[in-house]
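[1] Curious how this folds, go ahead:
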Amino acid sequence: DFNYPGFEGWVNTMLFGSPTSGTVDASSIVGKINGQQKLNFSEQQIKFIKASGLPVIPLLTKTSNPEARIQMARKLGSSLTTCISAGFGEALFKAARSIKYGNSHEMSDDVIRNTENLRVDYMDKQKACNDDYPVLKLAQQLTASATLNGNVK
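    Presented below is the predicted three-dimensional model:
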């Protein structure tokens, strides 16, 4: 049985343990950090962290307040969804382009147009990822939270 929750659902599953951010499973990234467990992330979680292109763990470990961490992870989830979808879009575009230029296959006008649409979509997502200031604001919020809680020396 195949159930694809979309990029947002996948991001939430990695961060919280389910496709929505409503609950936090102890085996999720946020759950492991909140449980103060040794951070033994699964292979899938490690791949997610690397694919994100963002400092997920350093951001989430800046505060010792579990509720603050959950709220910050929810805000971070939107940025992660945008950046990860940009990466997948780029990979799909490059694969489609390699078919056009990498062999003698003729591509129909529809395929060429759809490949260009894919390029535009992934470039829009990439720009949004690059311009995503909520990550900076989140880092500032984490630092302020840590300072208020006496966690910064």
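[2] measure residue 90 to residue 129 for me?
    10 Å (C-beta to C-beta, to the nearest Å). C-beta: built from backbone N, CA, C; applies to glycine.
[3] Same drill for the two, tell me which one is more crowded.
    residue 129 (20 against 16; other C-beta atoms under 10 Å).
[4] which one is that one nearest to, not counting chain neighbours?
    Nearest-residue entry for residue 129: residue 83, 4.0 Å, with adjacent residues in sequence omitted and distances by C-beta to C-beta, 6 or more residues apart in numbering.
[5] Same check on residue 112?
    The shortest distance from residue 112 to any non-neighbouring residue, by C-beta to C-beta, 6+ apart, is to residue 100 (7.3 Å).
[6] Secondary structure element for the one you found, which one?
    Residue 100 belongs to helix 66-102 when assigned by DSSP states H and E.
[7] again, but for residue 8
    Going by DSSP H and E, residue 8 is in helix 6-16.
[8] ditto for residue 26
    Assigned by DSSP H and E, residue 26 belongs to no helix or strand.
[9] which residues touch the residue nearest in space to the middle of the chain?
    For the chain, the residue nearest the mean C-alpha position is residue 80 (2.5 Å; C-alpha atoms, centre = their mean). By C-beta atoms under 8 Å, 6 or more residues apart in numbering, the contact set of residue 80 is 11, 15, 52, 54, 56.
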